[in-house]
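In: A structural model of the following input is requested.
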Amino acid sequence: MNFKIVYILIACLLYSLKISAQLVNVESKRMQTDTIRFVLKSDILANYTENNNNYILQLNWNIATQVKSKDFNSIYFLISDYNLIRAQEKDFQNSLFLHSRFNQKIATSLWYELFIQYQNNTQLTIEQRSLLGTGLRYEFVKKDRTHMYIGNSYMYEVEKLNSIEEKFYNHRNSTYLSINQTLKRFDLSFTGTLYFQPLYRDFSNHRILGQFKSELPISKTISLSALYNYTFTNFSSDIPDDRSSVINFGISLNL
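Out: Got it, this is the predicted structure:
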């Protein structure tokens with residue numbers, strides 16, 4: 001296929017996925033490790049294609065690390081994620097995501113959560129987003145290979161749209177349902193999460209994120225991974241709604 005045609009197709013696809021990185025599923029990056037105090041996971045993807053001095057560069061790098069206290073009742077969690085897609089000196093995606101979270105066990109299967117988050121991507125409708133949140137997380141199913149959670153949080157967020165210089169200061173609710181399942185026969189792990197995030201003053205202004213991730217170990221430290229994201233944002237204003245579906249395949253490193 002002609003490289004210029006591929007270039008145009010990729011450009012159209014990326015511009016159509018306006019909100020694909022605006023909501024990141026923290027749940028899929030949690031580590032279900034009851035007796036391990038320190039865990040580090042990393043996913044790395046790099047791709048470079050060149051034909052007749054025309055090139056496409058794609059980079060994806062993310063790290064998730066978790067540290068538990070001596071009594072295992074406190075958890076410190078950090079995520080960093082960077083994505084770059086560049087063709088002919090033009091960025092179609094250049095995004096940074098940082099998320100830090102603290103969990104404190106307050107009762108059997110009940111946790112208090114405090115988190116802070118920063119996102120930046122000049123290619124998206126929401127160019128920049130910062131938030132501070134707090135809430136509760138409850139594990140209502142706990143078995144050897146099955147964990148199910150429900151959580152609810154309050155979030156104070158500051159958003160900047162790429163079309164105007166004005167910033168928006170919002171009070172938003174976040175509710176999620178998460179399922180973590182491991183198949184004993186193949187040691188295949190699966191995480192599915194559904195988020196609903198409306199504004200308190202206007203529930204019609206909301207975000208929905210559905211994400212499904214699976215990992216298949218091929219060694220003690222390396223796994224094959226597949227990820228599906230669905231996002232929808234209703235701005236309840238003159239700003240057009242955003243909707244996208246994204247599928248990723250890659251390799252996960254577990255230390």
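In: Point out where the stretch 101-250 of the chain drops to low pLDDT.
Out: The stretch 101-250 of the chain contains residues with pLDDT under 70 at 123-124, 240.
In: What segments of it are helices?
Out: Taking DSSP state H, counting those that start in this stretch to define them, one finds no helices in the stretch 101-250 of the chain.
In: quick one, strands of it?
Out: Taking DSSP state E, counting those that start in this stretch as the criterion, the stretch 101-250 of the chain carries its strands at 110-121, 126-142, 146-161, 167-183, 188-198, 206-217, 222-234, 242-254.
In: now those strands in TSV, with mean neighbour count and distance to Phe77?
Out: Quick note: C-beta positions are derived from backbone N, CA and C, even for glycine. Putting these into TSV (neighbours: other CB atoms under 10 Å; distance: least, CB to CB, whole Å) gives the following:
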stretch	mean neighbour count	distance to Phe77
strand 110-121	17	8
strand 126-142	16	12
strand 146-161	16	14
strand 167-183	16	14
strand 188-198	18	15
strand 206-217	19	17
strand 222-234	18	19
strand 242-254	14	15
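In: closest one to Ser95 among those?
Out: strand 110-121 (3.7 Å; CB to CB).
In: so what secondary structure elements neighbour the closest one?
Out: With contacts taken as 3 or more CB pairs under 8 Å, 6 or more residues apart in numbering; DSSP states H and E, strand 110-121 sits against strand 90-107, strand 126-142, strand 146-161.
In: how about the strands of the stretch 101-250 of the chain in CSV, adding distance to Asn54?
Out: Shown next, in CSV, are the strands of the stretch 101-250 of the chain (distance: least, CB to CB, whole Å):
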stretch, distance to Asn54
strand 110-121, 24
strand 126-142, 28
strand 146-161, 32
strand 167-183, 38
strand 188-198, 38
strand 206-217, 33
strand 222-234, 29
strand 242-254, 24
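In: so which of those comes closest to Tyr48?
Out: Closest to Tyr48 of the strands of the stretch 101-250 of the chain, according to CB to CB: strand 242-254, at 15.8 Å.
In: nearest to Thr233, of the helices and strands packed on strand 110-121?
Out: The nearest among these, by CB to CB, is strand 126-142 at 8.2 Å.
In: what's that closest one in contact with?
Out: Residues from elsewhere that reach strand 126-142 (CB atoms under 8 Å, 6 or more residues apart in numbering): 19, 22, 103, 109-121, 147-162, 172, 174.
In: neighbouring strands for that strand, and are they parallel or not?
Out: strand 110-121 (antiparallel), strand 146-161 (antiparallel) (DSSP bridges).
In: Can you say which of those is nearest to Lys167?
Out: For Lys167, the closest of the strands paired with strand 126-142 is strand 146-161, at 5.1 Å, according to CB to CB.
In: and that closest one with strand 188-198, angle?
Out: Per axes from the mean of the first three to the mean of the last three CA atoms, to 10 degrees, the angle that strand 146-161 makes with strand 188-198 is 40 degrees.
In: Phe203 - how many residues pack around it?
Out: By other CB atoms under 10 Å, 12 other residues sit near Phe203.
In: what's the distance between it and Ser244?
Out: Distance, Phe203 to Ser244, using CB to CB, to the nearest Å: 22 Å.
In: for the strands paired with strand 126-142, which one sits closest to Phe249?
Out: strand 110-121 (21.8 Å).
In: Return the closest one as CSV; C-alpha atoms alone will do.
Out: Extracted in CSV, the C-alpha atoms of strand 110-121 (Å, rounded to 0.1, in the frame of the first residue of the first chain):
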residue,chain,number,x,y,z
LEU,A,110,-13.2,-1.4,53.0
TRP,A,111,-10.6,1.1,52.0
TYR,A,112,-10.2,4.9,52.1
GLU,A,113,-8.7,6.5,49.0
LEU,A,114,-6.9,9.8,48.3
PHE,A,115,-5.5,10.6,44.9
ILE,A,116,-4.1,13.3,42.7
GLN,A,117,-3.9,13.2,38.9
TYR,A,118,-2.5,15.3,36.0
GLN,A,119,-3.0,14.9,32.2
ASN,A,120,-1.8,16.8,29.2
ASN,A,121,-2.5,16.3,25.5
